[in-house]
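Undergrad: Let's see this in three dimensions:
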Amino acid sequence: MAEEADTIQTTGNGADNGPQIALISQYVKDMSFENPNAPAVYQWQDQPQIDVQFNIGADKVGEEVVEISLKIEVKAIAPQGTAFAVELVYAAIFGMRNVPEDQMQPFMLAEAPRLLFPFARRVLADAIRDGGFPPLLLEPIDFGGLYVQQAQAMAQTTGEPAGHA
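TA: Got it, this is the predicted structure:
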């Protein structure tokens, strides 16, 4: 009686054909900080409203290489005007080999951003602090939960089951 084992398969030449993902490099791809009302902004008494927007991008840059980018835009607006505006694109290159097609999108849109977020958060907080403002410490984001919500919303509009997003 043959038992199925959850082991990594190898081809005849000993090459590994199990799924593999590796972080190759991470970096600031683009960043801008605007302080359009300096020096007057430092005398304003009103607390600005903070608007934070996120966007995730995935671009294939090689046969087994993908770049995942996390774009974060922050605007602080007070009654007197814009206190500051920051745009950060923080990215990473991942090597991906033998990853099943149905697992590619969840990794690129949920797991990879989860890995990048703490680093992007620090860069953003430092830039805002260096601009003369208290650092903005963003709360952790549940990228997996957001991915599932988006997949379910897409499934409702297309009529497909959520697993096929």
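Undergrad: what about the chain, any weak spots by pLDDT?
TA: By pLDDT under 70, the weakly predicted segments of the chain are 1-16, 159-165.
Undergrad: what sits up against the biggest helix by length in it?
TA: In the chain, assigned by DSSP state H, the helix with the most residues is helix 112-130. Contact with helix 112-130 is made by 23, 26, 28, 31, 33, 56, 58, 68, 70, 72, 74, 84, 86, 88, 90-92, 94, 134-138, 140-141, 143-144, as judged by C-beta atoms under 8 Å, 6 or more residues apart in numbering. For glycine as for every other residue, the C-beta is placed from the backbone atoms N, C-alpha and C.
Undergrad: from the residues you listed, which would you call buried?
TA: 26, 33, 56, 58, 68, 70, 72, 74, 84, 86, 88, 90-92, 94, 136, 138, 143 (16 or more other C-beta atoms under 10 Å).
Undergrad: what's the distance between Ile141 and Asp59?
TA: Using C-beta to C-beta, to the nearest Å, Ile141 is found at 21 Å from Asp59.
Undergrad: for the protein, what spans make up the strands?
TA: Remark: strands assigned in the chain by DSSP state E are 20-34, 49-62, 65-78, 81-97.
Undergrad: Of these, give the one that comes closest to Ala151.
TA: Minimum separation from Ala151 across the strands of the chain (C-beta to C-beta) falls at strand 49-62, 13.6 Å.
Undergrad: if we look at that closest one, which residues are touching it?
TA: Looking at what lies outside strand 49-62 - C-beta under 8 Å, 6+ apart - the contacts are 66-78, 93, 108-109, 112-113, 136, 138, 141, 143.
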